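A.B. asks: Build me a model from this:
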Amino acid sequence: MSLKVGFITRIGDKTGALGTLISGFGCAVCFPALASIGAALGMGFLAQWEGLFVHVLLPLFAALALLANLLGWLGHRQWLRTLLGVAGPLLVLITRYLLWAYSWRNTAIYMGLAMMLIFAAWDLFAPGHRRCTTEATAG
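C.D. replies: Have a look, this model is predicted:
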């Protein structure tokens, strides 16, 4: 994998996780715990764009993180790392589009956001490296 794609996937993962979290900060009705943290951090002004955050930015940033993690697999070829990185954004997107009517949707979104942030921090401090393949060792 080229250096450019590796850089894009590392930045895309972090941008997706932080963007999804900040999108949750502005949604007091949907995510009261995140909105209270956002208000404590001085982001209460984001509430006026709640519809934009829930309907556009939250899924967009989760999709960005999902795409970055899937592209990252091309560089490190580690299935467990890829599955853990994809689980959070997938949970956010599935909950947002398929499971929104259930009462436990906020818990599922919070779990997905937490998974995205934990994986982004893990990838920041311990980035994935390409695993040896049989093709490389056979020659």
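A.B. asks: What are the phi and psi values at residue 43?
C.D. replies: Backbone torsions of residue 43, given as degrees, to the nearest 10, read phi -110, psi 20.
A.B. asks: same thing with residue 26?
C.D. replies: According to degrees, to the nearest 10, residue 26 has phi -90, psi 0.
A.B. asks: what residues are up against it?
C.D. replies: By Cβ atoms under 8 Å, 6 or more residues apart in numbering, residue 26 lies in contact with 35, 38, 43, 46-47, 49-50, 53. For every residue, glycine as well, the C-beta is placed using N, CA and C.
A.B. asks: Return a ChimeraX selection command for the buried portion of those residues.
C.D. replies: Selection of buried members from the contacts of residue 26 for ChimeraX, criterion 16 or more other Cβ atoms under 10 Å:
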select :35,38,46,47,50,53
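A.B. asks: would you list the contacts of residue 26 in CSV and tack on distance to residue 89, pLDDT and secondary structure?
C.D. replies: Output for the contacts of residue 26, formatted as CSV (distance: Cβ to Cβ, whole Å; pLDDT from 0 to 100; DSSP: H, G, I helix; E, B strand; the rest coil):
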residue, distance to residue 89, pLDDT, secondary structure
35, 21, 79, helix
38, 20, 82, helix
43, 22, 80, coil
46, 21, 78, helix
47, 24, 77, helix
49, 22, 84, helix
50, 21, 80, helix
53, 16, 81, helix
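A.B. asks: Alright, I will stop here.
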